[in-house]
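**Q** Pasting the sequence and the predicted model now:
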Amino acid sequence: MPQVLIVDDDPMTGMIFCEILAGMGSIHVTTSGASALQFVAGHQIDLVLLDIMMPEMDGFATCRALLRDYPDIPVVFVTAANDPDSEIQALGVGGHDVINKPVNPPVVRARVALHLKFAAERGALKRAEQSILALNAGLEQQVAQRTAALAAEIAERKYMETALRDNHELLSLFVQHSPIYAYIKEVTAQESRVLIASENFQGMVGVPGSKMVGKAMGELFPDEVAAKISADDWAVASSGQPLRLDEDFNGRHYTTLKFPIIQGERKLLAGYTIDVTERNQAEAVQRAYLAERARAEERESLLHDMHDGFASQLATAYLRNEHSPLTRRETSTLLRECLDDFYLVVDTLGEDEKSLNEAIADYRYRCDNRLSSLAVQVDWEIELSGCPPIGQRITLNILRILQEALNNAINHAQAQHIRIAVLFHPDGRLRITVADDGVGIAAIPKPGRGLPNMQKRARNIGMRLAFTRLEPGTIVSLSQAPNQVTSACCAQESVL
């Protein structure tokens, strides 16, 4: 519905125009230019009937202000000044028409209807123009996008063509100048024929790669070698599985890796061959050096263990004998302990594959023989099922701690009954206990280096040594947290 605004400082005139224009749209009335401008700012007005002669802000000023912000709104002046100058001025400030007072209602309605029709047509034309402009903008945007896409596609295609050409050149240069023997072949069940080969084949077969192109294996290698190469090539190409070979040719050692390439119906094969002669020789020298170093370290460790064991005992006994001669019994005990320690070292370090179970069994056998003449009962409980392999050094330290605990129980605690348990629990925990009914650790004379050495050995193999007082007796326990036996053994062996 058209929106018509009547602006006149005489309210009666506004009411007259409302009656005249009844039914032609929504009729609104304001009584000043300022209120008219404020009203237009909040409504969609299609036509303004504007009085010229108004206080404060006349119709001309109001028209100029209105058209400055809303140039598309038609303005029809209504004036009682029936003279040409007023009409010329009204049209000059942007008015579309002039209606003189007193008004003729049918003429007013006809003119208003005409201006509303023109306004509607202008609005339709403007909307059509905006629609066309929007359509043109959309078409221009689509054309620009398609042009950009085509340009990008063309640029990408050129880039890919250039990259493909460069990659082909790089591949050719790579194969040609490769420091290892590189090649690509076309393979059939009857023969393998070279497509690309590196130039350094001159040093292997006496022919550079550029001269090998197009040749079959029988033209490059002796018949027997050519037949084997062709058979290997066909096996790789037909099965689709790579193949690694270690080969000897003309007194040199080579490692070859062949793998299939699929290109349509063609069966292609690529490969690398590396001359490993010098590397194999260097590895052999290194293995010999490492073996010799291991033997030297083993000899040094053996001497160290012997020094810490019976050699140390002999030295201590010598000093004691210098101060106060040893009795026959003390000498016998000393010699027996030295022999026990000597057997312990030799038995443990003399066999690489001996398990902890076997080492414990050997030690038990020697102990039973030694203790058979004494009034001491020794009970053994050994359960090492599932125990992982343990290095020689760890085994030796375990046996030495066990030996020291047993000697303390017999020689110092004067035990009559000793119970030894060597158990490997399913959760990965190794535990060794020596329990006696002797006088107890608190009653044993102040020790020398025995107990500290036991503690040190336990720490060195990642185990915990504890002493528990009983009534009577003592329990010496050597234990390790779950899942630490294997890690400690691996660490010890890696050091060795």
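**A** Noted; the coordinates are in hand.
**Q** CA only for contacts and neighbour counts going forward, please
**A** Will do.
**Q** residue ranges with poor pLDDT in the protein?
**A** Filtered on pLDDT under 70, the chain yields the residue ranges 176, 294-320, 343-353, 373, 441-450, 481-496.
**Q** Could you pick out the longest strand of it?
**A** Criterion DSSP state E: the longest strand present in the chain is strand 252-263.
**Q** now what about it, what contacts it?
**A** With CA atoms under 8 Å, 6 or more residues apart in numbering as the contact definition, strand 252-263 has outside contacts at 233, 236-237, 240-248, 267-277.
**Q** Buried ones among the residues you listed?
**A** The neighbour-count test (16 or more other CA atoms under 10 Å) applied to the contacts of strand 252-263 identifies 233, 236-237, 242, 267-273, 275-276 as buried.
**Q** Just those: which are in strands?
**A** Checking the buried ones among the contacts of strand 252-263 against DSSP E, those in strands are K267, L268, L269, A270, G271, Y272, T273, D275.
**Q** As CSV, those residues with distance to V108 would be great.
**A** Shown next, in CSV, are these (distance: CA to CA, whole Å):
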residue, distance to V108
K267, 96
L268, 96
L269, 98
A270, 98
G271, 101
Y272, 102
T273, 106
D275, 110
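**Q** Among those, give me the pair with the biggest separation.
**A** The distance between the two most remote of those (CA to CA) is 26.5 Å, for K267 and D275.
**Q** for this structure, what's the longest helix?
**A** Using DSSP state H to define each element, the chain has its longest helix at helix 105-177.
**Q** Could you check the angle that helix makes with strand 266-275?
**A** With axes from the mean of the first three to the mean of the last three CA atoms, to 10 degrees applied, the angle from helix 105-177 to strand 266-275 works out at 50 degrees.
**Q** elements contacting helix 105-177?
**A** Applying 3 or more CA pairs under 8 Å, 6 or more residues apart in numbering; DSSP states H and E, one finds that helix 105-177 contacts helix 11-20, strand 47-51, strand 192-197.
**Q** Pick the most deeply packed of those.
**A** Among the helices and strands packed on helix 105-177, the stretch with the highest mean neighbour count (mean count of other CA atoms under 10 Å) is strand 47-51, at a mean of 26.
**Q** Which other helices and strands does that strand contact?
**A** Checked by 3+ CA pairs under 8 Å, 6+ apart, strand 47-51 has strand 3-7, helix 59-69, strand 75-79, helix 105-177 packed alongside it.
**Q** So which of those is nearest A216?
**A** helix 105-177 (18.4 Å).
**Q** from the buried ones among the contacts of strand 252-263, which two are the most distant?
**A** Greatest spacing in the buried ones among the contacts of strand 252-263, by CA to CA: K267 and V276 (28.8 Å).
**Q** what's the burial count for D83?
**A** Using other CA atoms under 10 Å, D83 has 10 neighbouring residues.
**Q** To what extent is V107 buried, counted in neighbours?
**A** V107: 12 neighbours (other CA under 10 Å).
**Q** Roughly how far does it sit from L399?
**A** Taking CA to CA, to the nearest Å as the measure, V107 falls 131 Å from L399.
**Q** Next: T13.
**A** From T13 to L399 the distance is 127 Å (CA to CA).
**Q** same check, this time on A189
**A** 66 Å.
**Q** Of the two, give the one with the bigger neighbour count.
**A** Between A189 and L399, L399 has the larger neighbour count (other CA under 10 Å), namely 20 against 12.
**Q** Tell me if I'm right that the more buried one and I360 touch.
**A** Yes: under the criterion of CA atoms under 8 Å, L399 makes contact with I360 at 7.4 Å.
**Q** so can I have JSON lines of the buried ones among the contacts of strand 252-263 showing distance to G25?
**A** Converted to JSON lines, the buried ones among the contacts of strand 252-263 look like this (distance: CA to CA, whole Å):
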{"residue": "D233", "distance to G25": "95"}
{"residue": "V236", "distance to G25": "92"}
{"residue": "A237", "distance to G25": "90"}
{"residue": "P242", "distance to G25": "90"}
{"residue": "K267", "distance to G25": "87"}
{"residue": "L268", "distance to G25": "87"}
{"residue": "L269", "distance to G25": "89"}
{"residue": "A270", "distance to G25": "89"}
{"residue": "G271", "distance to G25": "91"}
{"residue": "Y272", "distance to G25": "93"}
{"residue": "T273", "distance to G25": "96"}
{"residue": "D275", "distance to G25": "101"}
{"residue": "V276", "distance to G25": "102"}
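**Q** How many neighbouring residues does G264 have?
**A** 7.
**Q** give me the number of residues near the residue nearest to D58 when sequence neighbours are not counted?
**A** Leaving out its chain neighbours, the residue that sits closest to D58 by CA to CA, 6 or more residues apart in numbering is I52, at 5.6 Å. Around I52 sit 25 other residues, with neighbours defined as other CA under 10 Å.
**Q** who's in contact with the nearest residue to P260 once chain neighbours are set aside?
**A** Sequence neighbours aside, L269 is the residue nearest to P260 in space, at 4.5 Å (criterion: CA to CA, 6+ apart). Residues near L269 by CA under 8 Å, 6+ apart: I184, K185, E186, V187, D233, V236, A237, K258, F259, P260, I261.
**Q** The same query, at a cut-off of 7 Å, please.
**A** The neighbours of L269, taking CA atoms under 7 Å, 6 or more residues apart in numbering as the test, are I184, K185, E186, V187, A237, K258, F259, P260, I261.
**Q** Okay, and the beta partners of it?
**A** K185, P260 (DSSP bridges).
**Q** With H412 as the reference, measure out to it.
**A** In this view, L269 and H412 are 79 Å apart by CA to CA.
**Q** how about D368, secondary structure?
**A** Secondary structure assignment for D368 (DSSP: H, G, I helix; E, B strand; the rest coil): helix.
**Q** what sits against it?
**A** D368 neighbours (CA under 7 Å, 6+ apart): none.
**Q** change it to 10 Å
**A** L374, Q377, V378 (CA atoms under 10 Å, 6 or more residues apart in numbering).
**Q** Going by distance to N453, which of the residues you listed wins?
**A** V378 (23.9 Å).
**Q** wait, isn't the closest one in contact with R370?
**A** No: contact criterion CA atoms under 10 Å: V378 and R370 do not qualify, at 11.4 Å.
**Q** residues shared between the contacts of those two?
**A** With CA under 10 Å, 6+ apart, V378 and R370 have common neighbours R364.
**Q** ok, back up a step: how close does the residue nearest to P260 sit to T255?
**A** L269 is 16 Å from T255, where distance means CA to CA.
**Q** Ok, N104 next?
**A** From N104 over to T255 (counting by CA to CA), the distance is 115 Å.
**Q** just A128 next, same as before
**A** From A128 to T255 the distance is 80 Å (CA to CA).
**Q** Can you pick out the residue with more neighbours from those two?
**A** T255 (15 against 12).
**Q** Where does the spatially closest residue to that one that is not a sequence neighbour sit: helix, strand or coil?
**A** Leaving aside its chain neighbours, T255 sits nearest to D246 (4.5 Å; criterion: CA to CA, 6+ apart). Classification of D246 using three-state DSSP returns strand.
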